[in-house]
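Peer 1: From the sequence below, what's the structure:
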Amino acid sequence: MDLGLKSKIAMVGGASKGLGFAVARALAAEGAAVSMASRDADARLRGHVRGYTGYLEVTPRPLRRREVIKGGIAASALIAGSAIFAPRIVRGAGGSITIGSFQDNAMAPFRDTFIKRFQSETGITVKYNETSYDAWYQNAKNDGLNKTGAYDIYVMDDNWVPEFAAGQIVKNLTEMGLKVNPDILPKGLEQGYWPPKSGARLKDFASDDPALYALVIIDDVELLYYNKDYFDGAPKTWDDVASAAKSKAKPPKLYGWSARGVKGNPIMMTYLPLLNSYGGSFVKDDWSPGFAGPEGVGALG
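Peer 2: Numbering: from 1, shown residues only. Below you'll find the model as predicted:
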């Protein structure tokens with residue numbers, strides 16, 4: 001009986017004996033490329049299926065979906081600045097990948113355009129799941145720490161990278177041989193490195209070489225808008241903004257400056273330009289808090 005499995009990829013766990021081995025042998029007989037995994041698998045398994053038309057790979061450990069993706073990375077296709085993850089072994093089999101993300105209007109092009117284009121060009125089905133910012137942070141962290149394997153790709157906020165990389169929640173893309181699209185701006189790309197290429201480092205990672213753990217798909221740019229009715233010209237310092245806010249504010253009709261933000265999504269990206277302008281930093285060189293001094297207080301004021 002021809003089951004139409006020639007050139008298909010099959011992964012069989014517990015394949016060193018019993019039902020798992022029988023399934024692997026049957027698949028190999030049909031011409032499938034079989035990857036056999038088991039805690040006690042060894043090279044002798046190859047002899048049991050020698051002569052079959054399929055390709056056989058023996059893996060002497062439990063095989064997880066995330067390991068399949070890790071072993072099959074060819075490259076990432078990056079289109080218009082958005083990362084499309086393309087594992088080679090999944091592409092050959094059709095198959096599917098699962099992406100998790102937080103809800104954000106900025107993700108609309110990635111979700112509605114680039115994922116569809118990726119599916120069309122590769123034949124890989126993408127399952128895209130969204131939830132609230134704080135819920136997704138916990139879901140992604142729990143999935144990675146517990147090795148659940150519910151997701152193949154995490155869409156992360158850039159301030160998650162140190163925790164997820166240092167905790168080995170995400171994979172080292174440098175070790176996986178990822179080839180980065182040169183169109184990505186270097187400063188944006190640096191957000192995905194751990195330890196950071198510049199700035200403060202944790203003591204335990206002080207001598208480590210920076211490695212890429214995440215690819216940027218949205219690179220924030222800070223813009224300052226001002227109303228000409230309340231300024232003689234473009235404000236040059238935050239003190240100019242604060243002064244105008246105090247002198248021109250007429251609550252409840254007119255207020256001064258305020259930071260944007262929603263529940264569960266910190267406004268750190270708005271605070272950091274203020275902190276840097278006042279000569280402060282988020283952390284010192286020894287990774288102790290750097291915003292507790294007068295600079296940090298001034299930025300908050």
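Peer 1: CA only for contacts and neighbour counts going forward, please
Peer 2: Noted.
Peer 1: all strands for the stretch 101-250 of the chain, in order.
Peer 2: Under the criterion DSSP state E, counting those that start in this stretch, the stretch 101-250 of the chain contains strands at 125-131, 153-154, 193-194, 211-212.
Peer 1: by contact count, what packs against the first one?
Peer 2: Spelled out, it's strand 125-131. Here strand 125-131 touches strand 96-102, helix 115-122, going by 3 or more C-alpha pairs under 8 Å, 6 or more residues apart in numbering; DSSP states H and E.
Peer 1: any idea how far residue 143 is from residue 165?
Peer 2: When distances are taken as C-alpha to C-alpha, to the nearest Å, residue 143 and residue 165 turn out to be 14 Å apart.
Peer 1: likewise residue 280?
Peer 2: When C-alpha to C-alpha is the yardstick, residue 280 and residue 165 sit 25 Å from each other.
Peer 1: what does residue 158 give?
Peer 2: In this structure, residue 158 lies at 11 Å from residue 165, with C-alpha to C-alpha as the measure.
Peer 1: Which one's more surrounded, the two?
Peer 2: For residue 158 versus residue 165, neighbours defined as other C-alpha atoms under 10 Å are more numerous around residue 165 (20 against 17).
Peer 1: what about residue 112, how many neighbours?
Peer 2: 10.
Peer 1: Redo the strands of the stretch 101-250 of the chain as JSON lines? Include mean pLDDT, mean neighbour count and distance to residue 250.
Peer 2: Putting the strands of the stretch 101-250 of the chain into JSON lines (pLDDT from 0 to 100; neighbours: other C-alpha atoms under 10 Å; distance: least, C-alpha to C-alpha, whole Å) gives the following:
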{"stretch": "strand 125-131", "mean pLDDT": "92", "mean neighbour count": "15", "distance to residue 250": "39"}
{"stretch": "strand 153-154", "mean pLDDT": "90", "mean neighbour count": "19", "distance to residue 250": "45"}
{"stretch": "strand 193-194", "mean pLDDT": "92", "mean neighbour count": "22", "distance to residue 250": "46"}
{"stretch": "strand 211-212", "mean pLDDT": "93", "mean neighbour count": "20", "distance to residue 250": "49"}
